[in-house]
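# Would you be able to build a 3D model of this:
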Amino acid sequence: MNNDDNNSLRPQSFDEFIGQKNIIDNLKIYIQASKIRDTSLDHTLLIGHAGLGKTTLAYLISIALNHNIIVINANSIERPKDLIVSLSKLNEGDILFIDEIHALNKNCEEVLYSAMEDFYINLNVKNDLKKEIIKFDLPPFTLIGATTKVESLSKPLLDRFPITFTFNKYDENDITKILFNASKKLNVVYRTKALKLLASVSRFTPRIALNYLKRVNDYSLIDNIKFIDYHYVCKILNKLGVKNLGLKELDIRYLKMLHYDYDDKPVGINTISSFLNESNKVIEEIVENYLIELSFVRKTGKGRVITSQGITFLNTLHK
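Next up is the predicted model:
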């Protein structure tokens, strides 16, 4: 089975996975049923924002099934040939995990249709200077797709996933539990208030919380700190430029622009991007999504507007 060397903090079983209880409970049933039938798990689609644990869950499924997993990102698949190489490596019961599956181009999608439904692909082979199509059978396998943009997934591909799960945002209690488990794996002792502070700036996202935990751990090694408390975490977050609720410099500049530079009037996305010298994609996907979730900003037909909550937050920065 492939190992994920990049993240030793991943849970190694469903019992270690914090949150998403409904997804885990259903998955256990589906996996148990597939084992009783002695068939591969049905193709599964995981939907949710980045950093919520979709890739982690794919690894846990492979562990529970005791089968190999091949992990690829759709953005790296330029030609059907690239996808076929991965498909040809699968053994019976294996898992092919395609992250950001909505980014697959149409030609690559068409390769998946026959692979998912009937476990075969058509290969174009040159024979005596002539092109010939040869049917190549695949062993029964499970495709797990992950997407942050389910609306961009084509309907023919979406319809081929019998199992679909949508991840919920985490609350601070669950993220604190995730951080506690990770801190034990790092052999670092954290005070409860310190972990809760990290959870409060995580944007309700485990990946962000774990990244901050690692950075605090880096500093503690250099400073030779054995017990990490609330005040030490405050100090490190300040070094990292992380404000209350996990806002960073770009978020603050965005709010200040709406409030001070445009007098709380609606502002279009192109104007915002130009003012902040960032792309529309960065503004919409990284900055605005979270600010809207916090009710600091709202979208109107005329543009983005800062809310009273957003103004109140700005005022707290000056206290």
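# Just the C-alphas of stretch 268-287, formatted as CSV.
What follows is stretch 268-287 as a C-alpha-only set of coordinates in CSV (Å, rounded to 0.1, in the frame of the first residue of the first chain):
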residue,chain,number,x,y,z
GLY,A,268,-17.0,45.3,-8.0
ILE,A,269,-14.7,42.3,-8.1
ASN,A,270,-12.4,43.7,-10.8
THR,A,271,-12.0,46.9,-8.9
ILE,A,272,-11.1,45.0,-5.7
SER,A,273,-8.6,42.8,-7.5
SER,A,274,-6.9,45.8,-9.1
PHE,A,275,-6.8,47.7,-5.8
LEU,A,276,-5.3,44.8,-3.9
ASN,A,277,-3.1,43.7,-6.8
GLU,A,278,-4.4,40.1,-6.6
SER,A,279,-6.3,37.9,-9.2
ASN,A,280,-10.0,37.6,-9.1
LYS,A,281,-9.5,33.9,-8.3
VAL,A,282,-7.5,34.6,-5.1
ILE,A,283,-10.0,37.2,-4.0
GLU,A,284,-13.1,35.1,-4.6
GLU,A,285,-11.8,31.7,-3.4
ILE,A,286,-9.3,32.6,-0.7
VAL,A,287,-10.4,35.9,0.8
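# how does this structure divide into domains?
Per the record, the chain has its domains at 14-166, 172-242, 246-317, by automatic domain parsing.
# looking at those domains, which is closest to Ser8?
For Ser8, the closest of the domains of the chain is domain 172-242, at 6.7 Å, according to C-beta to C-beta. Using the backbone N, CA and C atoms, a C-beta is placed for each residue, glycine as well.
# Check the offset of that closest one from the chain's centre.
20 Å (C-alpha atoms, centre = their mean, to the nearest Å).
# Tell me which residue lies nearest the centroid of the chain.
Most central in the chain under C-alpha atoms, centre = their mean is Ala50, positioned 2.6 Å from the mean C-alpha point.
# and stretch 298-306, how far apart are its ends?
Using C-alpha to C-alpha, to the nearest Å, one end of stretch 298-306 lies 7 Å from the other.
# next one: stretch 63-73
Stretch 63-73 stretches 20 Å from its first residue to its last (C-alpha to C-alpha).
# again with stretch 251-266
This stretch, stretch 251-266, spans 17 Å end to end (C-alpha to C-alpha).
# quick check: mean pLDDT across that stretch?
Averaged across stretch 251-266, the pLDDT comes to 96.
# cool, and stretch 219-238?
So the average pLDDT for stretch 219-238 ends up being 96.
# Can I get it in PDB, CA atoms only?
The C-alpha coordinates for stretch 219-238 follow below in PDB (Å, rounded to 0.1, in the frame of the first residue of the first chain):
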ATOM      1  CA  TYR A 219       9.500  27.700  16.900                       C
ATOM      2  CA  SER A 220       9.200  25.600  20.200                       C
ATOM      3  CA  LEU A 221      12.100  23.400  19.000                       C
ATOM      4  CA  ILE A 222      14.400  26.400  18.500                       C
ATOM      5  CA  ASP A 223      13.200  28.200  21.700                       C
ATOM      6  CA  ASN A 224      13.500  24.900  23.600                       C
ATOM      7  CA  ILE A 225      10.000  25.200  24.900                       C
ATOM      8  CA  LYS A 226       8.700  22.000  26.500                       C
ATOM      9  CA  PHE A 227       5.200  23.100  27.400                       C
ATOM     10  CA  ILE A 228       3.300  25.300  25.000                       C
ATOM     11  CA  ASP A 229       0.800  27.600  26.500                       C
ATOM     12  CA  TYR A 230      -1.700  30.200  25.300                       C
ATOM     13  CA  HIS A 231       0.700  33.100  25.500                       C
ATOM     14  CA  TYR A 232       3.400  31.300  23.500                       C
ATOM     15  CA  VAL A 233       0.900  30.500  20.700                       C
ATOM     16  CA  CYS A 234      -0.200  34.100  20.700                       C
ATOM     17  CA  LYS A 235       3.400  35.200  20.200                       C
ATOM     18  CA  ILE A 236       4.000  32.800  17.300                       C
ATOM     19  CA  LEU A 237       0.700  33.600  15.600                       C
ATOM     20  CA  ASN A 238       1.700  37.300  15.700                       C
END
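# Having no further points to raise, I will conclude here.
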